[in-house]
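**Student:** Dropping a prediction and its sequence here:
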Amino acid sequence: MYTYGKGPGSHGAVIIGDKILVGYLVNNARPFIYTTALPPHSLANIWAATLVFSRSNEARQQLNLNIATFVTCNAGKGNLDSPIQFVMVGSPVKAKELASRCQAQGFAVKAVVAPTVPAGMEGLRIIIHSYNTHTQIERLCKLLNTEEQ
């Protein structure tokens with residue numbers, strides 16, 4: 001399944017599979033059966049995004065390097081192999097305070113608190129980008145690691 005809602009900035013998704021899977025979904029997937037085709041401007045947006053993404057190996061490699069840098073320098077607090085990192089803080093007050101400190105330093109870090117996450121599992125949502133510099137990531141890690149969690 002490929003979704004088009006975040007990176008491409010559109011909506012919709014596609015599922016690629018063999019004839020048996022496609023046949024099953026066409027005949028049994030209620031959301032598919034009771035929907036309409038995407039409008040032409042959405043298809044054009046998806047097509048343009050596909051062209052951009054197919055030519056962005058360097059950016060993808062840089063993003064993977066930035067993710068690895070964040071995971072390594074953040075002492076395992078963010079350990080996802082994803083651009084979206086979650087650093088658990090464990091308290092809504094601490095999560096909001098730490099997010100505010102990060103924001104004051106220019107980082108677009110968001111606190112995630114209950115009921116979005118279970119009580120006691122509050123933390124920070126951090127998104128790593130290909131254009132983040134090594135210095136920016138190190139500064140953020142230093143800020144996160146100098147705080148008592």
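**Tutor:** That came through fine.
**Student:** following the helix or strand bottoming out on mean pLDDT in the chain, which helix or strand shows up next?
**Tutor:** When each helix and strand of the chain is scored by mean pLDDT, DSSP states H and E, helix 30-33 comes last, with a mean of 75. Going down the chain from helix 30-33, the next helix or strand is helix 40-54, by DSSP states H and E.
**Student:** For that next one, list every residue counted as buried.
**Tutor:** Buried positions in helix 40-54, judged by neighbour count with 16 or more other C-beta atoms under 10 Å: 45-46. From N, CA and C alone the C-beta is placed, and that goes for glycine too.
**Student:** need the next SSE after that helix, C-terminal direction.
**Tutor:** Tracing the chain past helix 40-54, the next element assigned as helix or strand by DSSP H and E is helix 57-73.
**Student:** domain assignment for this protein?
**Tutor:** Following automatic domain parsing, one gets these domains for the chain: 2-54, 57-146.
**Student:** Point out the most buried one among these.
**Tutor:** With neighbours taken as mean count of other C-beta atoms under 10 Å, the domains of the chain reach their highest mean count in domain 57-146, at a mean of 16.
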